[in-house]
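Engineer: fold the following and give me the result.
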Amino acid sequence: MRAQSLDTMSTFRIITVEREFGSGAGAIASQIASRLGWKLWDQALTQEIARVANVDCSAVEHCEERLDGRLHRLAKAFWRGSYEPRALLTDAQTFDADCMVSTMQQIMDRIAQEGQAVVVGRGAPYFLREREDAFHLFVYAPTAEKIRRLRELGKNEREAEELVESVDRDRIAYVKHYFNADWPTRALYHLMMNTVTGDETVITTVLNTMRLLEGKSAGKTSQLRGVL
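Structural biologist: Predicted coordinates:
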């Protein structure tokens, strides 16, 4: 069933979807974007970062929501202290987590200005934490549910278990390093949902919560105009 359009909503122009790995956030974000008629920034965001940074998507994917590895940090220190011109290095060699965050900030600012966007991960709720027109969603699930979803995507049991443990561990370190915050930062989100309830339940709750908050905002505006 197609959700009613939110054209009348003026408060929220952006939705960020942060998630535990394997919780189904990608599919949920895609459905929300489709129902609203908004642009989905998931794989498209990886491609845009690669375009702006002039690197392959594989280089971006390697840096997404994780810190540089120990060997890369050592190499980076060498590059910065070397007398050899950095121009001799390829873009892929110089693209690292610091470059990723800097590029993300530029792109996030542009996405926010354009509006009507659903952004998946990549630190989006932290980049846009000061924007009142951004609705922040966090989705999570029990380990068994995450493994079940990953198995449906073709991962074997062992691979799914390792990914569930390692990817979120990387995200915790990434957010702590670049935003000096815990992951997840509960006070940041308008809504946190367990996807074991089903994707449709999550999607409906998100859209209804946005309408509810929009209604409250409109009510406060009317009261203020009455006072003035």
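Engineer: when you work out contacts or count neighbours from here on, use the C-alpha atoms and nothing else.
Structural biologist: OK.
Engineer: where does pLDDT dip in the protein?
Structural biologist: The chain contains residues with pLDDT under 70 at 1-10, 68-93, 218-228.
Engineer: how does it look with 50?
Structural biologist: 1-5, 7-9, 70-90, 221, 224-228 (pLDDT under 50).
Engineer: for it, what spans make up the strands?
Structural biologist: Using DSSP state E, the strands found in the chain span residues 14-19, 39-41, 117-120, 134-140, 191-194.
Engineer: Ile111 and Leu153, how far apart?
Structural biologist: Distance, Ile111 to Leu153, using C-alpha to C-alpha, to the nearest Å: 29 Å.
Engineer: closest to Val175 out of the strands of the chain?
Structural biologist: Nearest of those to Val175, taken as C-alpha to C-alpha: strand 14-19 at 11.7 Å.
Engineer: buried ones in stretch 168-186?
Structural biologist: 168, 171-175, 183-184 (16 or more other C-alpha atoms under 10 Å).
Engineer: any idea how far Glu64 is from Glu114?
Structural biologist: 23 Å.
Engineer: counting neighbours, go ahead and name the busier of the two.
Structural biologist: Taking Glu114 and Glu64 together and counting by other C-alpha atoms under 10 Å, Glu64 has the greater number of neighbours (21 against 11).
Engineer: need the contact list for that one.
Structural biologist: With contacts taken as C-alpha atoms under 8 Å, 6 or more residues apart in numbering, Glu64 has the following neighbours: 97, 100, 122.
Engineer: can you add distance to Met210 and neighbour count and give these back as CSV?
Structural biologist: CSV is the format used below for the contacts of Glu64 (distance: C-alpha to C-alpha, whole Å; neighbours: other C-alpha atoms under 10 Å):
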residue, distance to Met210, neighbour count
Ala97, 33, 21
Met100, 30, 20
Arg122, 22, 26
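Engineer: which of the residues you listed sits closest to Phe179?
Structural biologist: The closest of those, once distances to Phe179 are taken by C-alpha to C-alpha, is Arg122, at 12.1 Å.
Engineer: torsion angles phi and psi at the closest residue to that closest one other than its chain neighbours?
Structural biologist: Counting by C-alpha to C-alpha, 6 or more residues apart in numbering, the nearest residue to Arg122 once its immediate chain neighbours are dropped is Glu65, at 5.8 Å. Glu65 has phi and psi values of phi 60, psi 40 when expressed as degrees, to the nearest 10.
Engineer: my read: Glu65 touches Val120, true?
Structural biologist: No. With the criterion set as C-alpha atoms under 8 Å, Glu65 and Val120 do not qualify as a contacting pair; they are 11.5 Å apart.
Engineer: who's in contact with Ile49?
Structural biologist: Ile49 sits next to 57, 60, 100, 103-104, 107 when contact means C-alpha under 8 Å, 6+ apart.
Engineer: how near is the residue nearest the centre of the chain to Asp42?
Structural biologist: Averaging the C-alpha coordinates of the chain gives a centre point, and the residue nearest to it by C-alpha atoms, centre = their mean is Gly121 (1.6 Å). Distance from Gly121 to Asp42, counting by C-alpha to C-alpha: 8 Å.
Engineer: likewise Ile49?
Structural biologist: Using C-alpha to C-alpha, we find Ile49 at a distance of 11 Å from Asp42.
Engineer: same deal with Arg35?
Structural biologist: Applying C-alpha to C-alpha, the value for Arg35 to Asp42 is 16 Å.
Engineer: same question, Arg149
Structural biologist: As judged by C-alpha to C-alpha, Arg149 and Asp42 stand 18 Å apart.
Engineer: no further questions, thank you.
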